[in-house]
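[1] pasting the sequence and the predicted model now:
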Amino acid sequence: MPKKLIATVQSVKPVKITLNARRTLEGNILILDHVDIDIVVNPAFKKIVAFPKPTINTDRIYESQQRLFEFLANEGIVEREKVQGGMLQNTMECKYPEKSVYAGDTTEVTLLAIDKFLKKELGYMDHVKAYDDRQIKKYTEPSKYTDLGDIEVKPPTSAVKQISYPYIWERK
């Protein structure tokens, strides 16, 4: 007698996520939460694009983009071999499936996975922000003390030196 396979399906409760995101006029979803990259989800073409922030080191950008798409591949959202460089410099993009056997709307599942990625990156983003703040403070508020002792703080002087001429030349 063949055994029956019984599968129980649990009802899925709605999940609420909070992202710093905006919709563009074309309907794209622009996610601005990450410290190194901006993530754009294009529901019309089923594409995810990672753009660099304007003033970030390119090594950090590539590593962040690689972590994003590797995470999405491990979650089963994208395929690793479909990740490619984008049309603009320092961008990466990948298509995600139009339909899913398990989920209704693949765009919602993609947004959920990106939210999960951003929560995982919180430690990294806090570290980067703290490092950047220390670097800015280092150059804008230098310490008065060094290994060799105290530094005397002098008031700023003018760059143009006042020159007085001891002789007055007269023409005759």
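    Thanks, I have it.
[2] switch to C-alpha atoms for all contacts and neighbour counts from now on
    Fine.
[3] by mean pLDDT, point me to the weakest helix or strand of the chain.
    Counting by mean pLDDT, DSSP states H and E, the chain has its least confident helix or strand at strand 145-146, which shows a mean of 64.
[4] strands of the chain, start to end?
    Chain-ordered strands for the chain, with DSSP state E as the definition, fall at 21-23, 29-31, 37-42, 47-52, 84-85, 92-95, 145-146, 149-150.
[5] quick one, which of those is nearest to Asp133?
    Smallest distance to Asp133 across the strands of the chain (Cα to Cα): 18.3 Å, for strand 37-42.
[6] same for the closest one, what does it pack against?
    Under the contact criterion of 3 or more Cα pairs under 8 Å, 6 or more residues apart in numbering; DSSP states H and E, the helices and strands touching strand 37-42 comprise strand 29-31, strand 47-52, helix 58-74.
[7] make it 10 Å
    When contacts are defined as 3 or more Cα pairs under 10 Å, 6 or more residues apart in numbering; DSSP states H and E, strand 37-42 packs onto strand 21-23, strand 29-31, strand 47-52, helix 58-74, strand 92-95, helix 106-120.
[8] any idea which of these is most buried?
    strand 47-52 (a mean of 23; mean count of other Cα atoms under 10 Å).
[9] pull up the pairing partners for it, direction included.
    Partner strands and pairing direction for strand 47-52 (DSSP bridges) are strand 37-42 (antiparallel), strand 92-95 (antiparallel).
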